[in-house]
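Chemist: Need a 3D model of the sequence below.
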Amino acid sequence: MAKQVRVVRMSVEQPLWRALSGYRVLTMLYAIGLFASAYDEFDRPGIAIAFYVVLFVWTLATLPRVQSAVACTKRFLAVDLAIALTGIVLTPLAADDHHISSGGPTLPSIWTAGSVLAYAIKGGWRWAVFASTPVAVANLIERGSPARDTVHNVVLVWVASIAIGYVVEVARASERTLARALEIEAATRERERLARDIHDGVLQVLAMVQRRGAVLGGEAGELGRMAGEQEVALRTLVSGALVPVSRVSLDAAEGAVVRAVEVEAEAPDDDGPVDLRALLAPYAAAKVSFAEPGAPVPLPAPAAKELAAAVGAALDNVRRHAGADARAWILVEDEPGEVVVTVRDDGPGIPEGRLAQAEGEGRLGVALSIRGRLRHLGGSAELVSIPGQGTEVELKVPKARGKAGTR
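Modeler: Below is the predicted model of the structure:
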């Protein structure tokens, strides 16, 4: 049966577009009503009538254009604003001097604000500034001088459009954040359900094969060892990081979209943050336990790779010197100022003075592969070994220095 994916759309923009559609129709009728009531103040009413015919047809014909951000294209916005500016500039040609000097309304009147608000809803406060500036210039040209009422109207449109544009930007960011949180919550519930099902079935069978194989020995023992490795790999996969999820709707007016999708993981940028857990998880095996925080452990990509390589070098030392039966543990801790990775084993330990002797003989595995990598990152590597009780390597990388050290 095909898996059904529930899609939830969240948008605060759609009500704004609907409100803008109603605003444009009402203000168009209002502008025509003002002209009719002050018809005697127009020396050339034919100019005004021609403009209102264009305004009437344009407003009704373009209602579908102000239904969503996708439909409201840049070309439409430019033509819409041009019509508003044309109406403002034509006002002195159509009206008499008394109408202009007394602060009478321009031909488009407050319909002009709808054009500016469309810019604000479409592109945010920066687009609102871009649209409201020529409107302010056109109003000053129409009046001939910066009168108080003209300046008041200009500033009002400017502030209102910028405020609405800023609110739209904040709302979009909030929608994306909420959508991401809901996706993570849904994916976590699904992962927990899968983990329960797998634990009740596959993992128990693999664990039983491992135990029986170890008892029987021979080829059965090898089969048990392989089953144990697959058990650890499967546990790591189930408890690993969440798969990438969808971002936002292609139609910005539809807001954020909450749905789980299967996408290829994007390759991290050379200097971008990388989740350290993803680099260390492959080290988990039948005899290597991996403990990680529940949240991502971000580090710059070069720093994360160097730290992972140091962990790999420490595990190589465990395999080489602690024996085939030795177990190892990797613990990742995400502290406020640094990332700490501890690699511990239950091998025989390192005799006192053995590391210094190895360096003197030219074997610099610990000195270069571990301490050298951490020193390059501004971190440190501490090795504590007690004969008969195993070895512990503690790797520390400061978060701030980790970024600086990779430049």
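
Chemist: For the stretch 101-250 of the chain, which segments count as helices?
Modeler: Remark: helices assigned in the stretch 101-250 of the chain by DSSP state H, counting those that start in this stretch are 111-123, 125-143, 148-198, 204-216, 218-238.

Chemist: Of these, which is nearest residue 90?
Modeler: Minimum separation from residue 90 across those (CB to CB) falls at helix 125-143, 8.8 Å. Every residue, glycine included, has its C-beta placed from N, CA and C.

Chemist: from the helices of the stretch 101-250 of the chain, which stretch is densest packed?
Modeler: Across these, averaging neighbours per residue (mean count of other CB atoms under 10 Å) puts helix 111-123 on top, at a mean of 25.

Chemist: if I look at residue 287, how far off is residue 89?
Modeler: Residue 287 sits 82 Å away from residue 89, taking CB to CB, to the nearest Å as the criterion.

Chemist: ok so, going back, any chance of the helices of the stretch 101-250 of the chain in TSV with mean pLDDT and distance to residue 104 as columns?
Modeler: Formatted as TSV, these follow (pLDDT from 0 to 100; distance: least, CB to CB, whole Å):
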stretch	mean pLDDT	distance to residue 104
helix 111-123	90	15
helix 125-143	87	10
helix 148-198	76	10
helix 204-216	75	85
helix 218-238	72	73
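
Chemist: can you list these in a markdown table and add distance to residue 376?
Modeler: Shown next, in a markdown table, are those (distance: least, CB to CB, whole Å):
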| stretch | distance to residue 376 |
| --- | --- |
| helix 111-123 | 45 |
| helix 125-143 | 42 |
| helix 148-198 | 34 |
| helix 204-216 | 40 |
| helix 218-238 | 28 |
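
Chemist: Tell me which of the ones you listed lies nearest to residue 99.
Modeler: Residue 99 sits nearest to helix 125-143 of all the helices of the stretch 101-250 of the chain, at 10.8 Å, using CB to CB.

Chemist: name the helices or strands packed onto that closest one?
Modeler: Where contact means 3 or more CB pairs under 8 Å, 6 or more residues apart in numbering; DSSP states H and E, helix 125-143 is packed against helix 74-94, helix 111-123, helix 148-198.

Chemist: Of those helices, which is nearest residue 314?
Modeler: The minimum distance between residue 314 and those falls on helix 148-198, with 28.9 Å, by CB to CB.

Chemist: same for the closest one, what does it pack against?
Modeler: Using 3+ CB pairs under 8 Å, 6+ apart, the elements in contact with helix 148-198 are strand 8-10, helix 13-37, helix 111-123, helix 125-143, helix 218-238, strand 256-258.

Chemist: closest one to residue 103 among those?
Modeler: Judged by CB to CB, the one of the helices and strands packed on helix 148-198 that comes nearest to residue 103 is helix 125-143, at 7.7 Å.

Chemist: distance between that closest one and the chain's centre?
Modeler: Using CA atoms, centre = their mean, to the nearest Å, the distance from the centre of helix 125-143 to the centre of the chain it belongs to is 33 Å.

Chemist: and the helices and strands packed on helix 148-198 as a markdown table, adding distance to residue 334?
Modeler: Listed next are the helices and strands packed on helix 148-198 as a markdown table, based on distance: least, CB to CB, whole Å:
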| stretch | distance to residue 334 |
| --- | --- |
| strand 8-10 | 31 |
| helix 13-37 | 36 |
| helix 111-123 | 38 |
| helix 125-143 | 36 |
| helix 218-238 | 18 |
| strand 256-258 | 27 |
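
Chemist: what pLDDT does the nearest residue to residue 272 once chain neighbours are set aside get?
Modeler: Take residue 272 and drop its neighbours on the chain: the residue closest to it by CB to CB, 6 or more residues apart in numbering is residue 301, 6.0 Å away. pLDDT for residue 301: 87.
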